[in-house]
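K.L.:
A structural model of the following input is requested.
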Amino acid sequence: MFPGVILAFVKIAVTKLEEKSEGLHELFRRYGHEAVIVSTMRAVDPSDPGPLLGLCDMISKEKIDILIFTSSLGVEKLLDKVKPGQEIKIVSVGPKTAKKVEEYGLKSEVIEKFSSENFVEYLGEIKDKTIGIARAEVPNTELVVSLESKGAIIIEAPAYRLEPAGNSILEVINDVETVIFTSAKSFELSGFRPEDAIKIKSIAIGPKTADAMRRAGIHPDFVGNGTLEDCLSYYGR
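P.N.:
A predicted model of the protein is given here:
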């Protein structure tokens, strides 16, 4: 049984990367809704492959204690190049990322909410631990600073870069009742305007996305905890 009681079928646009949309239609159907995927961004190789290759080298030489994956695409880009040994603790953000890790024959611990505070609390004592982070080519200074403040050594590596895909929410706005923005960047590239927020409901997957929407004069109807599952439960609240 999913959280809340589904009140009605809703057609929902979601700004998910095409490369990360596997299983999305099934997820929405389980909550009684239909997904309309509008990929406002696409993933390409990082500008500089050096950091990723460097992280792979450290993993192969067992110089990484903890490996963090923030997305299933990051898992794919790194694990296609190297397979961590059992001594490396792998932490995945969300069940979908963890499932991708499992596809490579590995296990990971799952952290449900992606925030700097959550990571620091979850990881506990990390003084002198070397932590590798495979991520999109978008720095997360807050996360790095919070981990370093606990004495950890951070090795960040962009595993992929996001660029505009040329798709706009305006192309489907008359066919959907709600839009879920899955990142600040996907919102900024969506073409969504304050006047559009009068026509349909808008949901931010998390606080950072919500902040980007507010800066543009749009107040989201709901702010999730960083997962699509929480966003989809909105209609049962």
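K.L.:
OK, contacts around the spatially most central residue of the chain?
P.N.:
With distances taken as C-alpha atoms, centre = their mean, the chain has Ser71 as the residue nearest its mean C-alpha position (5.3 Å). Counting by C-beta atoms under 8 Å, 6 or more residues apart in numbering, Ser71 touches 20, 93, 97, 135-136. All C-beta spots, glycine's among them, are computed from the backbone N, C-alpha and C.
K.L.:
now do Val93
P.N.:
By C-beta under 8 Å, 6+ apart, the residues touching Val93 are 68-71, 110-111, 114, 226.
K.L.:
so which elements touch the biggest helix by length in the chain?
P.N.:
Using DSSP state H, we find that the single longest helix of the chain is helix 50-60. Where contact means 3 or more C-beta pairs under 8 Å, 6 or more residues apart in numbering; DSSP states H and E, helix 50-60 is packed against helix 72-79, strand 130-136, strand 153-164.
K.L.:
can you rerun that using 6 Å?
P.N.:
strand 153-164 (3 or more C-beta pairs under 6 Å, 6 or more residues apart in numbering; DSSP states H and E).
K.L.:
and stretch 39-58, what's buried?
P.N.:
39-43, 46, 51-52, 55-56, 58 (16 or more other C-beta atoms under 10 Å).
K.L.:
this protein: helices as residue ranges?
P.N.:
Using DSSP H, helices in the chain cover 24-30, 50-60, 72-79, 95-103, 116-123, 141-148, 184-188, 207-215, 228-232.
K.L.:
can you tell me which of the ones you listed is nearest to Asn167?
P.N.:
Among the helices of the chain, helix 184-188 comes nearest to Asn167, with 10.0 Å by C-beta to C-beta.
K.L.:
how near is the spatially closest residue to Ala35 that is not a sequence neighbour to Val138?
P.N.:
With sequence-adjacent residues excluded and distances taken as C-beta to C-beta, 6 or more residues apart in numbering, Ala35 is closest to Phe28, at 3.9 Å. Going from Phe28 to Val138 by C-beta to C-beta, to the nearest Å gives 26 Å.
K.L.:
for Ser92, see how far away the nearest residue to Ile111 once chain neighbours are set aside is.
P.N.:
Leaving aside its chain neighbours, Ile111 sits nearest to Tyr122 (5.2 Å; criterion: C-beta to C-beta, 6+ apart). Computed as C-beta to C-beta, the Tyr122 to Ser92 distance reads 12 Å.
K.L.:
can you list the domains in this structure?
P.N.:
11-40+165-236, 50-161 (automatic domain parsing).
K.L.:
which ones are touching Leu27?
P.N.:
Contacts for Leu27 were tallied using C-beta atoms under 6 Å, 6 or more residues apart in numbering; there are none.
K.L.:
an error on my part: the question was meant for Gly94.
P.N.:
Thr227.
K.L.:
one more pass at 7 Å, please.
P.N.:
By C-beta atoms under 7 Å, 6 or more residues apart in numbering, Gly94 lies in contact with 110, 112, 227.
K.L.:
if I look at the residue nearest to the last one when sequence neighbours are not counted, how far off is Leu27?
P.N.:
With C-beta to C-beta, 6+ apart as the measure, Gly94 is the residue that lies nearest to Thr227, at 5.9 Å, once sequence neighbours are left out. Distance, Gly94 to Leu27, by C-beta to C-beta: 12 Å.
K.L.:
lovely, talk soon.
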